[in-house]
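Student: Sequence and predicted structure are below.
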Amino acid sequence: MALASFAVSPPTAASAAVLRRAMSFSSVSAASQARVGVVQMTSVGDLDANYATCSRLTKEAAAAGVKFLCFPEVFSFIGSKDGESVKLAEPLDGPIMQRYCSLANESSMWLSLGGFQERGPDDSHQYNTHVLIDESGKVRSSYRKIHLFDVDVPGNMVYKESRFTTAGAIY
């Protein structure tokens, strides 16, 4: 089972302003304050187990009155080997994301999903994509990670996200 928890932050003036802009098309009125939740979880190499954790935490957050819930990078899957997630990568309208869209709709909550494995330009690459889903289950925005994590620690470890991930474009 993935380790997971969520925290609720009382609204501040700054967070309320950001949420009003982000949720301007939402049923949440500009005058209201929205409760924000943040998830901390340890994802595993099992899509269903991670979804079960995300679903449970979303339901707990909904019961606490949260209207906007943020998940971390690699919330849906983390492989044990470089590039393992490329095999699971799919388009934003694929079955994995549709489950999360349904979860947002069922919970009447906006979901901010960090680091989804979106299908890339070829079979050996993916995009690391952040997705914002509104409370009706519609994808409102997405962002493909631009600055990939490439590190070479002398005498220690080499990790190159760019081996299996294509950077997003700067517009």
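Tutor: That came in fine, so what should we check first? Note that the coordinates shown come from a computational prediction; the quantities given were computed from them, not determined experimentally.

Student: measure the residue minimising distance to the centre of the chain to V36 for me?
Tutor: Nearest to the mean C-alpha position of the chain, by CA atoms, centre = their mean, lies L113 at 1.5 Å. Taking CB to CB, to the nearest Å as the measure, L113 falls 15 Å from V36. C-beta: built from backbone N, CA, C; applies to glycine.

Student: ok, now which ones touch I133?
Tutor: Residues in contact with I133, defined by CB atoms under 8 Å, 6 or more residues apart in numbering, are 100-101, 104, 110-111, 113, 139-140.

Student: One more: K59?
Tutor: S107.

Student: before we move on, the earlier item: quick one: which two of the contacts of I133 are the most distant?
Tutor: Farthest pair in the contacts of I133 (CB to CB) is Y100 and R140. Separation: 12.7 Å.

Student: returning to what we had before: any idea which of the contacts of I133 is closest to Y51?
Tutor: Of those, the one sitting nearest to Y51 (CB to CB) turns out to be Y100, at 7.8 Å.

Student: How many neighbouring residues does that closest one have?
Tutor: 23 (other CB atoms under 10 Å).

Student: ditto for V36
Tutor: The burial count for V36: 23, using other CB under 10 Å.

Student: Remind me what the helix or strand containing it packs against, helices and strands.
Tutor: Counting by DSSP states H and E, the element that carries V36 is strand 35-41. Here strand 35-41 touches strand 4-9, helix 47-63, strand 66-71, going by 3 or more CB pairs under 8 Å, 6 or more residues apart in numbering; DSSP states H and E.
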